[in-house]
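>>> Prediction below, plus the sequence it came from.
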Amino acid sequence: MEGYIFSWINFIKGWRPRYIKLEEKEKMLIISHKKTETKSSSKKPKLIEIKETSIIIDDKKTKFSFKNIGQNLIYFKAKTNEEKDNWMQKLNEIINSQKENEIKNQEKEKSQKEKNTVEGKRIKNKIKLINLKKKKAKIL
């Protein structure tokens with residue numbers, strides 16, 4: 001998803017149009033002044049990683065905010081309520097998929113640890129059994 005949306009700059013400059021591009025695969029939000037930034041441009045695009053800890057705040061009819069833990073709050077204003085809802089929905093989908101992936105990864109790690117623990121116990125028991133058989137064979 002990409003397009004122009006207003007971003008709050010400060011009290012002097014107010015709301016300014018910014019070109020926002022949502023990179024779903026890379027989980028990045030790219031904020032630039034124009035649709036195409038030239039390499040010689042002094043205004044580089046702002047790259048914001050979308051994490052499972054990101055939050056979206058529905059402020060008013062056409063306004064919403066985006067925040068990553070440890071980063072500044074970014075204010076956005078869409079032209080219509082529908083446009084705002086579309087941006088919020090897409091951002092929330094990415095955040096939720098990040099959370100789901102994090103949970104799956106944690107479950108995989110836990111399962112792997114449990115497997116390793118069970119397998120380790122089996123190996124120890126086999127070694128003990130082999131050692132016992134060796135001792136019995138020496139005695140006989």
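Structure received.
>>> Checking the residue most central in space within the chain next. Helix, strand or coil?
With distances taken as CA atoms, centre = their mean, Lys51 lies nearest the centre of the chain, 2.6 Å away. Per DSSP: H, G, I helix; E, B strand; the rest coil, the secondary structure class of Lys51 is coil.
>>> Excluding sequence neighbours, find me the nearest residue to it.
Nearest residue to Lys51 in three dimensions, chain neighbours excluded: Asn68, at 5.7 Å (CB to CB, 6 or more residues apart in numbering). Placement of C-beta: from N, CA and C, glycine included.
>>> just the strands in the chain please.
Secondary structure of the chain by DSSP state E: the strands cover 2-10, 14-23, 28-32, 46-49, 55-58, 63-67, 74-77.
>>> for the ones you listed, which one sits closest to Ser97?
Counting by CB to CB, Ser97 lies closest to strand 14-23 out of these; the figure is 12.7 Å.
>>> And the contacts of that closest one?
1-9, 28-35, 76-77, 87, 90-91, 94 (CB atoms under 8 Å, 6 or more residues apart in numbering).
>>> if we can go back for a sec, any idea which of the strands of the chain gets closest to Gly120?
Proximity to Gly120 (CB to CB) singles out strand 46-49 among the strands of the chain, at 37.2 Å.
>>> what helices or strands is the closest one leaning on?
strand 28-32 (3 or more CB pairs under 8 Å, 6 or more residues apart in numbering; DSSP states H and E).
>>> Tell me the buried residues in the strand it packs on?
Leu29, Ile30, Ile31, Ser32 (16 or more other CB atoms under 10 Å).
>>> wait, the residue nearest to Lys51 sits on Leu29?
No - using CB atoms under 8 Å, Asn68 is not in contact with Leu29; the gap is 9.3 Å.
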